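A.B. asks: predicted coordinates and the sequence they were generated for:
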Amino acid sequence: MDLFGFLNVNELALAFSNLSMFPYFDMAHYIISIMSLREQPGAMEVSQRSPFACWFSSMLYCFGGAILSALMMADAPVAPLSNTTNLLLASLMWYLVFYCPLDVVYSLTSIFPLRLLLTAMKEVTRTWKVLGGVIQAGKKYKDGLFVMIAVGWAKGAGGGLISNFEQLVRGVWKPETNELLKMSYPTKVSLLGAFLFSLQQCRYLPIQTHHLIFIYTLFIVTNKIRIMMLGSSSYPFSSVESVLFKTLFVRPLTFSSMSDLTQSSAHQNHKKPNASNGSTSSRNTDQTDRKESAVNKKIN
């Protein structure tokens with residue numbers, strides 16, 4: 001882009017796109033993910049009752065996106081766990097967050113400035129996860145736009161999308177927390193990123209990959225920092241989302257009047273048989289009275 005050349009950040013964007021996520025950024029991702037699990041209701045009780053269930057839930061938090069995207073691509077769901085180094089690193093972070101003596105690691109990482117830094121580093125890894133899912137789907141389904149979006153979304157927000165399965169591991173069943181019913185912020189930004197990277201990979205978006213990586217990462221990191229510092233959970237495009245929802249998916253008010261007319265007509269039809277029954281019974285009564293009067297005349 002000419003704007004990047006004008007601002008002299010083209011080399012910065014290119015160097016940023018070649019940034020390695022291992023080990024520091026991956027470590028930050030594991031720590032924040034496992035801390036999120038620990039702060040779930042009942043997670044500490046599970047860690048004391050069944051350490052294996054706690055570990056398995058932690059791995060789902062850490063590798064949920066890779067597992068879900070592997071299932072969507074008809075690969076083995078255990079393939080993401082084949083990297084022994086990453087698995088051992090995630091397991092080490094799990095043990096330190098839950099079982100470190102005197103709870104030193106969790107207390108230290110809960111300090112706001114450090115947690116803010118680790119969360120920002122975790123958001124950086126989200127970009128690589130979404131882009132990796134899009135590229136993986138693009139290699140198998142060339143120019144399959146919707147498949148690329150779905151796989152990139154799953155890889156970037158898979159931990160949230162499979163949250164109901166993870167809850168079952170801990171003995172919790174809350175179907176109302178399904179991410180498809182009410183999307184959280186990470187799920188929404190991952191879907192946005194999957195959409196943008198898929199358009200770029202299919203050449204519908206005229207921008208280079210490293211430029212889009214830099215812009216998207218800058219957006220999600222700064223917005224996440226804003227949310228944490230202000231204590232707000234608002235989505236940047238919530239107003240646009242609300243307008244589109246009200247325009248496309250809210251049923252018009254005229255439907256209610258039509259239902260009222262249908263109910264009133266049905267009520268009238270229900271009354272008609274009663275009226276006919278009343279007239280028939282009155283006619284039968286008149287005929288009976290006439291017969292009785294004729295019999296009385298003959299007797300007299």
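C.D. replies: Yes, it's here. Numbering: from 1, shown residues only.
A.B. asks: helix, strand, or coil at E179?
C.D. replies: coil (DSSP: H, G, I helix; E, B strand; the rest coil).
A.B. asks: surely it meets S163?
C.D. replies: Yes. Contact between E179 and S163 holds when scored by Cβ atoms under 8 Å: they sit 6.4 Å apart. Using the backbone N, CA and C atoms, a C-beta is placed for each residue, glycine as well.
A.B. asks: more neighbours, those two?
C.D. replies: Comparing E179 with S163 by other Cβ atoms under 10 Å, the one with more neighbours is S163, at 21 against 18.
A.B. asks: list the residues that contact the more buried one.
C.D. replies: Each residue near S163 by Cβ atoms under 8 Å, 6 or more residues apart in numbering is listed here: T177, N178, E179.
A.B. asks: now it: how far from L180?
C.D. replies: 11 Å (Cβ to Cβ, to the nearest Å).
A.B. asks: ok, back up a step: from the contacts of S163, which has minimum pLDDT?
C.D. replies: Ranked by pLDDT, these bottom out at T177, which scores 85.
A.B. asks: give me the number of residues near it?
C.D. replies: Number of residues near T177 (other Cβ under 10 Å) recorded here: 14.
A.B. asks: what residue ranges in the stretch 151-300 of the chain score low on pLDDT?
C.D. replies: Along the stretch 151-300 of the chain, segments meeting pLDDT under 70 span 233, 253-300.
A.B. asks: what's the closest residue to N178 other than its chain neighbours in contact with, if anything?
C.D. replies: Sequence neighbours aside, N164 is the residue nearest to N178 in space, at 6.0 Å (criterion: Cβ to Cβ, 6 or more residues apart in numbering). N164 makes contact with W173, K174, P175, T177, N178, according to Cβ under 8 Å, 6+ apart.
A.B. asks: neighbours of the last one, how many?
C.D. replies: So the one you mean is N178. 13.
A.B. asks: repeat that for I207.
C.D. replies: By other Cβ under 10 Å, the residues close to I207 number 13.
A.B. asks: hang on, the earlier thing: now flag whichever of the contacts of S163 is closest to R126.
C.D. replies: Lowest distance from R126 to the contacts of S163 (Cβ to Cβ) belongs to E179, with 15.1 Å.
A.B. asks: and the helices in the protein?
C.D. replies: Assigned helices in the chain, in chain order: 2-6, 10-17, 24-38, 43-49, 51-72, 84-99, 104-109, 112-140, 145-161, 163-169, 185-201, 209-230, 238-248, 254-299 (criterion: DSSP state H).
A.B. asks: next, the closest residue to K188 other than its chain neighbours: phi, psi?
C.D. replies: Here the nearest residue to K188 in space, its sequence neighbours aside, is Y235; by Cβ to Cβ, 6+ apart that works out to 5.7 Å. Here the main-chain torsion angles of Y235 (degrees, to the nearest 10) amount to phi -90, psi 140.
A.B. asks: right, I'll leave it there.
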